[in-house]
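Undergrad: Generate coordinates for the sequence data below:
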Amino acid sequence: MKNGDPCRDLAERLLGARRAGTTIPREGLPPGLDLAGAYRCQRAMREIALAAGARHAGWKIGVTSAAARRAMGVAHPVTGFLTADLISEPTAEGDAVPVFASGLLAEAEVAYELGADLPPGTTPDLVRASARPRLAVEFVASRWEGGAGTATPLVADNVSHVAVVLGPVVRATDLTGLRATLSCADRTSAGGSDQVLGDPAAAVAWAAAHLAALGHPLRRGDLIMTGTLCPPLPAPPGGTVTATLDGLAHLKVTTG
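TA: Numbering: from 1, shown residues only. Here you go, the predicted model:
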């Protein structure tokens, strides 16, 4: 192994695949790697990115629906990290976003901008009182050939994160019962807050405890992606992605 540290070696391979928009075989996972080990690999990926000049921007939550958790073999969601270089805010509707990856998918999400630190024990009401929700599209793509398959490869791969596009502020506080639609090319998917622990604010409250246990308490200024509201859709180059929240917000972007 190049560095003598299997987690760091894997992190470098995954980051290289992300830069190239390619995939690597799942046989590259360190033998016996469990979910805790996958988070160590993800931490190594984050440390490498920050050491190379990336700036911490926040966190993402994945596997928030019951169906996704069953498919991934876990009883709870998972988390990944965000860096500022992979977050954009279009200046006009339909602006092109320079994202590229094999198997790119788009997700419609609620992103919370934290206005205060959120400790373990945070409640959804506290999230609503101290954070600003925005509509966002996250682009994801697995760096594993054939996809992650289970939660351990998914977490090691930073929960398939590629990029985030931030849209307008959502002018509502209680987002329980929220309905959402996502469209790309000639395909549309529908969903809502029932796919995000029943409430995007509840997902942030869960993440406050989970990330604190990993040594990453939520801080004022963090951006938290709360998980996909609708089934993801393929996002080919030059395609237009449109996300809508119940008449509350609308975001349209084009993949570059």
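
Undergrad: residues contacting the residue nearest the centre of the chain?
TA: In the chain, the C-alpha nearest the mean C-alpha coordinate belongs to Lys60, at 4.0 Å (Cα atoms, centre = their mean). Contacts for Lys60 (Cβ atoms under 8 Å, 6 or more residues apart in numbering) come out as Thr79, Gly80, Phe81, Leu82, Glu138, Val159, His161, Val164, Ile224, Met225, Gly227. Backbone N, C-alpha and C define where each C-beta goes, glycine included.

Undergrad: Pretty sure Ala207 sits against Ile61.
TA: Yes. At 5.3 Å, Ala207 and Ile61 qualify as touching, with contact defined as Cβ atoms under 8 Å.

Undergrad: what about those two, which has more around it?
TA: Ala207 (30 against 25; other Cβ atoms under 10 Å).

Undergrad: In contact with that one, which residues?
TA: Trp59, Ile61, Pro77, Thr79, Leu218, Ile224.

Undergrad: Pull up the pairing partners for the strand or helix carrying the fourth one, direction included.
TA: Secondary-structure assignment from DSSP states H and E places Thr79 in strand 78-83. Its sheet considered, strand 78-83 pairs with strand 56-62 (antiparallel) by DSSP bridges.

Undergrad: now the partner strand: mean pLDDT?
TA: Regarding strand 56-62, the rounded mean pLDDT is 98.

Undergrad: next helix or strand past it?
TA: Per DSSP H and E, strand 56-62 leads on to helix 66-72 as the next helix or strand towards the C-terminus.

Undergrad: Mind listing residues that contact that following helix?
TA: Applying Cβ under 8 Å, 6+ apart, the contact partners of helix 66-72 are Gly62, Val63, Ala75, His76, Pro77, Val78, Ala148, Thr150, Ala151, Leu154.

Undergrad: of all those residues, which two lie farthest apart?
TA: Ala75 and Ala148 (17.1 Å; Cβ to Cβ).
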